[in-house]
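In: pasting the sequence and the predicted model now:
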Amino acid sequence: MQQMSRAQVVSSFTIIKGSLIEETYIAFQGWDFSLSKVQNLSRIKETNSIGATSTNWLRDVAFVLSRRFDLNGRDRSLVELAQAGCDREVWKPLLLWHMTRDEFLVRDFLVNWLFPQYTEGAYRLQAEDLYPYLEMLPEKSGIKTEHWTKSTLLRVASGLLRIAVDFGLMTGAVVREFTSYHLPESSFLYLVHAMAEQEHNANQIVHSPDWRLFLMAPEDVERELFRLHQYRKLHYDVAGSLAQLTLPHRSVADYAKELAL
């Protein structure tokens with residue numbers, strides 16, 4: 001029997017533990033690629049390099065890092081950027097994109113629930129507003145879910161909204177409000193390179209659901225591409241229904257190297 005991908009698994013544990021932005025950045029700064037993931041995580045727990053306030057929290061952070069990231073493969077550039085001292089405001093959106101490669105619920109919540117709320121003009125949201133969405137998850141095809149108590153349901157709903165706040169998409173404590181979010185230019189260019197590795201069609205890149213993670217509609221993406229074209233930071237041209245996108249680097253790894261300088 002084929003093992004189900006983690007990208008289709010709903011986990012309340014990682015959501016409740018939160019975004020862990022600062023812990024992840026510090027852990028990645030000390031990551032040693034000559035060691036295995038297990039050895040690196042053991043070292044973090046032995047030295048408490050992330051400054052955890054309890055043994056249990058240190059254990060939980062190590063567990064979430066292990067579950068979320070493929071640090072010798074897909075997510076390696078995220079580590080290298082942290083080690084190069086990449087500005088956190090540039091790095092944070094990249095963290096969100098990378099963690100949603102293998103964190104189904106965060107991605108589905110942002111792409112298929114929060115973004116429509118944003119475009120439909122919702123202003124204030126609270127945990128209870130997510131209950132119908134979360135209760136419908138078991139009906140999605142191919143999704144592996146858990147049975148949640150009412151207490152867990154509340155913690156997951158609150159955790160998802162807190163993650164949106166942590167990444168700058170919303171503000172507030174109990175009642176959350178949308179902010180005027182702007183994706184940094186360097187982050188945008190990184191993400192375009194990352195998407196172009198998976199999708200060569202420029203129109204498909206512009207319309208990628210991934211931009212919804214940052215509250216961006218296709219017209220927002222295209223506007224930014226034209227702006228960057230004007231400043232000669234990439235080439236983007238549209239003729240009728242055809243679009244052409246040429247990037248300055250052949251891969252996201254190459255762009256990450258420039259970003260790390």
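Out: Sure thing, it's come through.
In: what comes up buried for the one helix or strand residue 165 maps to?
Out: Using DSSP states H and E, residue 165 sits in helix 150-166. Residues 152-166 are the ones in helix 150-166 that count as buried (16 or more other Cβ atoms under 10 Å). To be clear about C-beta, it is placed using only N, CA and C from the backbone, and glycine gets the same treatment.
In: ok, now stretch 248-261?
Out: Buried residues in stretch 248-261 (16+ other Cβ under 10 Å): 249, 252, 255, 256, 259.
In: for the stretch 1-150 of the chain, which segments are assigned as strands?
Out: 124-125 (DSSP state E, counting those that start in this stretch).
In: now the stretch 51-200 of the chain, which segments are flagged as low pLDDT?
Out: Residues of the stretch 51-200 of the chain meeting the criterion pLDDT under 70: 141.
In: can you map out the helices along it?
Out: Secondary structure of the stretch 51-200 of the chain (DSSP state H, counting those that start in this stretch): helices located at 55-68, 76-83, 88-99, 104-108, 115-119, 131-136, 150-166, 185-198.
In: JSON lines please, covering those and showing distance to residue 26.
Out: Output for those, formatted as JSON lines (distance: least, Cβ to Cβ, whole Å):
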{"stretch": "helix 55-68", "distance to residue 26": "10"}
{"stretch": "helix 76-83", "distance to residue 26": "8"}
{"stretch": "helix 88-99", "distance to residue 26": "11"}
{"stretch": "helix 104-108", "distance to residue 26": "21"}
{"stretch": "helix 115-119", "distance to residue 26": "30"}
{"stretch": "helix 131-136", "distance to residue 26": "31"}
{"stretch": "helix 150-166", "distance to residue 26": "15"}
{"stretch": "helix 185-198", "distance to residue 26": "20"}
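In: of the ones you listed, which approaches residue 236 most closely?
Out: helix 185-198 (9.5 Å; Cβ to Cβ).
In: related to what we said a few turns ago, and the helix holding residue 165, what does it pack against?
Out: helix 12-17, helix 104-108, helix 131-136, strand 170-171, strand 176-178 (3 or more Cβ pairs under 8 Å, 6 or more residues apart in numbering; DSSP states H and E).
In: re earlier: what's the closest of the buried residues of stretch 248-261 to residue 9?
Out: Closest approach to residue 9 among those (Cβ to Cβ): residue 252, at 25.2 Å.
In: any idea of the angle the helix holding residue 165 forms with helix 88-99?
Out: 140 degrees (axes from the mean of the first three to the mean of the last three Cα atoms, to 10 degrees).
In: pull the distance from helix 150-166 to the chain's centre.
Out: Chain-centre distance of helix 150-166: 16 Å, with Cα atoms, centre = their mean, to the nearest Å.
In: next one: stretch 40-58
Out: With Cα atoms, centre = their mean as the basis, stretch 40-58 stands 23 Å off its chain's centre.
In: who touches that stretch?
Out: 22-23, 26-27, 30-32, 35, 59, 61-62, 65-66, 71 (Cβ atoms under 8 Å, 6 or more residues apart in numbering).
In: in those, find the pair that's most separated.
Out: Among those, 22 and 35 lie farthest apart (Cβ to Cβ), at 22.2 Å.
In: residues contacting the closest residue to residue 12 other than its chain neighbours?
Out: Spatial nearest neighbour of residue 12, excluding adjacent residues (Cβ to Cβ, 6 or more residues apart in numbering): residue 156 at 5.0 Å. By Cβ under 8 Å, 6+ apart, the contact list for residue 156 reads 12, 15, 16, 105, 130, 134, 148.
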